[in-house]
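# can you look at this prediction? I've put the sequence above it.
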Amino acid sequence: MKPIARALADAARQLDRTSDTARLDSELLMAEALHIDRDKLILSPPDRKVPERFWAMVERRQAGEPVAYITGKRAFWNIELEVGPGALVPRPDSETLIAAAVEHFKKSSADWAAEAERQRQEAQRQREEAERQREHNRVASEEHKKVAGDWAEEAQRQREEAQRQREKAQWLEEELARRTADPRQERSA
């Protein structure tokens with residue numbers, strides 16, 4: 001067994017107690033220690049001595065430090081991000097969320113144009129409806145003013161009639177009082 005393959009197997013056994021992804025972690029750490037991609041490490045592992053810094057990286061991982069902080073990078077989507085203790089490490093479920101969002105928002109320009117036209121038509125329909133409602137309110141307001149004016153005129157006529165009736169009643173009372181006070185006037189009438 002080549003030294004790199006043996007070191008990966010040993011590291012995976014050591015990390016198995018502290019990591020759910022021990023083999024992946026050891027491969028990522030070895031690739032970083034060798035300054036090569038993980039793909040190259042797996043497909044054509046170099047036949048050379050294991051770098052000393054690999055074992056220091058394995059110790060840090062055993063202590064619970066995230067692989068991304070140890071290597072200083074994290075693959076995310078189709079880019080590689082530089083990360084460190086002051087940055088949140090992107091999670092695989094974030095990639096799933098982004099994939100779903102991209103699929104959801106993936107539309108052709110014709111789809112976007114059709115949606116924009118639909119929204120423009122809906123806005124126009126709402127403006128026309130608002131205009132019809134304003135006209136209806138204006139007509140109703142004029143009708144209410146006319147009815148209110150008619151009621152006001154009728155109320156004024158009734159007040160005037162009531163005033164005439166009061167005046168007539170007062171005159172009759174005064175006339176009756178005068179005639180009963182002076183019986184001679186009654187005879188002459």
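Cool, the structure landed.
# now do the helices in this structure.
Here the chain has its helices, by DSSP state H, at 3-15, 22-34, 38-43, 52-62, 67-71, 92-105, 109-181, 183-188.
# can you flag the weakest of those helices by average pLDDT?
Among those, helix 183-188 carries the lowest mean pLDDT, at a mean of 57.
# kindly report the domain assignment for this structure.
With automatic domain parsing as the criterion, the domains of the chain are listed as 3-71, 132-188.
# so of these, which one's packed in deepest?
domain 3-71 (a mean of 16; mean count of other Cβ atoms under 10 Å). Yep, even glycine has a C-beta here, placed from its N, CA and C like the rest.
# hmm, residue 48 is touching residue 3, no?
Yes: using Cβ atoms under 8 Å, residue 48 is in contact with residue 3, at 7.3 Å.
# let me see the confidence value for the closest residue to residue 47 other than its chain neighbours.
Distances taken as Cβ to Cβ, 6 or more residues apart in numbering put residue 2 closest to residue 47, at 5.7 Å, once the chain neighbours are dropped. We note a pLDDT of 91 for residue 2 in this prediction.
# residue 2: neighbour count?
The local packing count at residue 2 equals 12, with neighbours defined by other Cβ atoms under 10 Å.
# against residue 91, how distant is it?
Residue 2 sits 33 Å away from residue 91, going by Cβ to Cβ, to the nearest Å.
# do residue 139 as well
Relative to residue 91, and taking Cβ to Cβ, residue 139 is found at 62 Å.
# re the thing from before, closest to residue 83 out of the helices of the chain?
Nearest to residue 83 among those is helix 67-71; the distance by Cβ to Cβ comes to 4.7 Å.
# what's that closest one in contact with?
25, 28, 29, 32, 57, 60, 61, 74, 83, 84, 85, 89 (Cβ atoms under 8 Å, 6 or more residues apart in numbering).
# excluding chain neighbours, what is closest to the last one?
Nearest non-adjacent residue to residue 89, counting by Cβ to Cβ, 6+ apart: residue 68, 4.5 Å away.
# cool, the second one as well?
Take residue 28 and drop its neighbours on the chain: the residue closest to it by Cβ to Cβ, 6+ apart is residue 67, 5.3 Å away.
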